[in-house]
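Trainee: Sequence first, predicted coordinates after that:
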Amino acid sequence: MSLIPTIEFGVPDDKVTVPRIGLGAMPLTGGHGSFDIAESTAILNRAVDIGCTFWDTADVYGLGANEKLLGSVLKQRGENVFVGTKFGLLLKNPGPDFDDSPSKLFQGFCGTPEYMRKQVETSLESLGVDRIDIYYLHRVDRSIPIEVTVGAMAELVKEGKVRYLGLSECTADELRRAYKVHPIAAVQSEYSLCTTDIERNGVLDACRELGVTFVAYSPLGRGFLAGNIRKNEDLEKTDTRRGNSRFQKENIDNNLKLVEGLDALAKKHGKSKVQMTLAWLLAQEPNLIVIPGTRCVKYLDENFATGNITLTDEEIRDIRQLIDSVDIKGDR
């Protein structure tokens, strides 16, 4: 059993203990190419077995199938699982013959109270729960004040349908404004060796100021830092990463310098690239959770076993110097 570190998560008058290494569930039903539903179910059951019980999903993942998959396991084994889901992304109806990247279905953002009401009921039914542990605004809808959206979300807390509120990819100013309406338990944003802009844009500072937990999604650079993706063609047709500019030919050769440098450090210090990456993130901020995704039980075990690893000051400095030495090309 991994000696996974935990933190106190929540709002000032309501806290719960959760693991600092969680599970990003998106790849279990697509997004990163093909998947096997039996393996995905096995991953969720294994996560319960080992205590990887901070799960993250969204209403759009797998066009709704992701929440239903989690719900099928939660029905049997959900007593100690902490589940977050999200709303706010608009997708087109794919139609019965759609066979392409889900990213092509994206239409925009919606944070209206009416849309939120519709989506939360769908999520509650799909997950098979009476209350969602944390409900995130997936992306801020800047066509309406964030105070309106969060004010409506706060009503869900009063009604007992949601325990905590969260934001994803907000600005520092939006977080502060939202917090004045209702306490925010967590903010999600991409954070990895490839993506460190939240260290400079004020979001982490605002989280520290307000006592908000930071949840780092794509902590392995959307799988890039594991070292198995060397060219765009390594990704399946339905993999959303094929359209990400960082994986394009004009950028990926440059970006591989980071993977190669990480590989050298991993060999130098006798650790895996994945575990060095996750351990480095956990060392950056005490009130931080990482939620790597996977489509394979063995990688879930590898990710979670990072809880047994503490990097030395030298290792932390080596990784920071590596990050500073490589200018990552492409927009995340």
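Mentor: Good, I have the coordinates. Numbering: from 1, shown residues only.
Trainee: What strands line up against the helix or strand hosting residue 86, and which way round?
Mentor: Element membership for residue 86, per DSSP states H and E: strand 82-87. Paired neighbours of strand 82-87 in the sheet (DSSP bridges): strand 54-56 (parallel), strand 132-137 (parallel).
Trainee: for those, which one sits closest to residue 234?
Mentor: For those, proximity to residue 234 was assessed by Cβ to Cβ; strand 54-56 is nearest, at 25.3 Å. Using the backbone N, CA and C atoms, a C-beta is placed for each residue, glycine as well.
Trainee: Show me what the residue lying closest to residue 153 once chain neighbours are set aside is bridged to.
Mentor: Nearest residue to residue 153 in three dimensions, chain neighbours excluded: residue 165, at 5.2 Å (Cβ to Cβ, 6 or more residues apart in numbering). Per DSSP bridges, the residues bridged to residue 165 are residue 135.
Trainee: okay, now residue 165: neighbour count?
Mentor: By other Cβ atoms under 10 Å, the residues close to residue 165 number 23.
Trainee: try the one 10 residues further on
Mentor: By the measure other Cβ under 10 Å, the count of residues near residue 175 is 22.
Trainee: Tell me where the stretch 201-332 of the chain has helices.
Mentor: Under the criterion DSSP state H, counting those that start in this stretch, the stretch 201-332 of the chain contains helices at 203-210, 249-269, 273-284, 297-304, 313-325.
Trainee: Among the ones you listed, show me which one is buried the most.
Mentor: For those, the largest average neighbour count (mean count of other Cβ atoms under 10 Å) is found in helix 273-284, namely a mean of 22.
Trainee: Could you export that one as CSV, CA atoms only?
Mentor: C-alpha atoms of helix 273-284 as CSV (Å, rounded to 0.1, in the frame of the first residue of the first chain):
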residue,chain,number,x,y,z
LYS,A,273,10.3,10.0,-15.4
VAL,A,274,6.6,9.9,-14.4
GLN,A,275,7.3,9.7,-10.7
MET,A,276,9.9,12.5,-10.8
THR,A,277,7.4,14.7,-12.6
LEU,A,278,4.6,14.1,-10.2
ALA,A,279,6.8,14.3,-7.1
TRP,A,280,8.2,17.6,-8.4
LEU,A,281,4.7,19.1,-8.7
LEU,A,282,3.8,17.9,-5.2
ALA,A,283,6.9,19.6,-3.9
GLN,A,284,6.0,23.0,-5.4
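Trainee: Quick check: mean pLDDT of it?
Mentor: The average pLDDT within helix 273-284 is 95.
Trainee: host element of the closest residue to residue 77 other than its chain neighbours?
Mentor: Computed as Cβ to Cβ, 6+ apart, the closest residue to residue 77 that is not its neighbour in sequence is residue 48, at 4.9 Å. In this assignment (DSSP H and E), residue 48 forms part of helix 37-50.
Trainee: in that helix, what's buried?
Mentor: 40, 43-44, 46-48, 50 (16 or more other Cβ atoms under 10 Å).
Trainee: on contacts alone, who are the packing partners of that helix?
Mentor: Secondary-structure packing of helix 37-50 (3 or more Cβ pairs under 8 Å, 6 or more residues apart in numbering; DSSP states H and E): strand 23-24, helix 65-77, helix 297-304.
Trainee: and the shortest one, how far out from the chain's middle?
Mentor: Strand 23-24 sits 6 Å away from the centroid of its parent chain (Cα atoms, centre = their mean, to the nearest Å).
Trainee: so where's the chain uncertain?
Mentor: 1-2, 96-102 (pLDDT under 70).
Trainee: For the residue most central in space within it, name its beta-bridge partners.
Mentor: Central residue of the chain (Cα atoms, centre = their mean): residue 217, 3.0 Å from the mean position. With DSSP bridges as the criterion, residue 217 is bridged to residue 190, residue 291.
Trainee: wait, it sits on residue 187?
Mentor: No: using Cβ atoms under 8 Å, residue 217 is not in contact with residue 187, being 10.7 Å away.
Trainee: Next, the distance between the ends of stretch 117-135.
Mentor: Stretch 117-135 has its terminal residues 12 Å apart, counting by Cα to Cα, to the nearest Å.
Trainee: Which residues does it contact?
Mentor: Contact with stretch 117-135 is made by 57, 59, 64, 67-68, 70-72, 74-75, 78, 82-87, 152-153, 156, 160-166, 185-186, as judged by Cβ atoms under 8 Å, 6 or more residues apart in numbering.
Trainee: what's the burial count for residue 3?
Mentor: A count of neighbours around residue 3, defined by other Cβ under 10 Å, yields 9.
Trainee: If anything else comes up later, I'll come back, but that's it for now.
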